[in-house]
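Student: Fold the following and give me the result.
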Amino acid sequence: MTLSSVIFLASLFNLAGPDLIIVLLIFLLMGFPIWMIVDCTRHESNEGNTKLIWILIILFAPLGSVIYFFARKLPRPSLPPPGQHDLPQ
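Tutor: Residues are numbered from 1 along each chain as shown. The predicted structure is shown next:
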């Protein structure tokens, strides 16, 4: 969606200033959980109930989609196995 189409839709529904910002925030708040559910169904393993549990958390926890985003979506730094350190000798 280009900027000109957003401006056209805003003028079509007579939205300006704060009203347009509120409508965009509503779409973002509705779209983020949907994005996280789609990501969960595509990337979580089918072993056990992890996929089902994450979908239930996203749907029913107040900040479930944010929890899933930080717990599973963001890349985690890789740590060396316990007992192996890259310390100079």
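Student: got the contact list for stretch 64-72?
Tutor: Around stretch 64-72, the neighbours that count as contacts under CB atoms under 8 Å, 6 or more residues apart in numbering are 32-33, 35-37, 39-40, 43-44, 54, 57-58, 61. Heads up, the C-betas are built off the backbone N, CA and C, glycines and all.
Student: mind redoing it with 10 Å?
Tutor: Under the criterion CB atoms under 10 Å, 6 or more residues apart in numbering, residues 29, 31-37, 39-40, 43-44, 50, 54-59, 61, 63, 73 lie in contact with stretch 64-72.
Student: What segments of this structure are helices?
Tutor: 3-12, 18-43, 50-60, 64-68 (DSSP state H).
Student: Adding mean neighbour count and mean pLDDT, write the ones you listed out as a markdown table.
Tutor: Listed next are the helices of the chain as a markdown table, based on neighbours: other CB atoms under 10 Å; pLDDT from 0 to 100:
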| stretch | mean neighbour count | mean pLDDT |
| --- | --- | --- |
| helix 3-12 | 11 | 70 |
| helix 18-43 | 13 | 85 |
| helix 50-60 | 15 | 91 |
| helix 64-68 | 18 | 91 |
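Student: What lies in contact with stretch 27-43?
Tutor: Counting by CB under 10 Å, 6+ apart, stretch 27-43 makes contact with 50-55, 57-59, 63-69, 72-73, all of which sit outside it.
Student: And it, how far out from the chain middle?
Tutor: Between the centre of stretch 27-43 and the centre of its chain there are 6 Å (CA atoms, centre = their mean, to the nearest Å).
Student: again, but for stretch 29-44
Tutor: Relative to the chain's own centre, stretch 29-44 is displaced by 6 Å; criterion: CA atoms, centre = their mean.
Student: Thought residue 45 was touching residue 52, still the case?
Tutor: No: distance between residue 52 and residue 45: 11.4 Å, which falls outside the contact criterion (CB atoms under 10 Å).
Student: if I look at the closest residue to residue 73 other than its chain neighbours, how far off is residue 33?
Tutor: Sequence neighbours aside, residue 39 is the residue nearest to residue 73 in space, at 6.2 Å (criterion: CB to CB, 6 or more residues apart in numbering). With the distance defined as CB to CB, to the nearest Å, residue 39 ends up 11 Å from residue 33.
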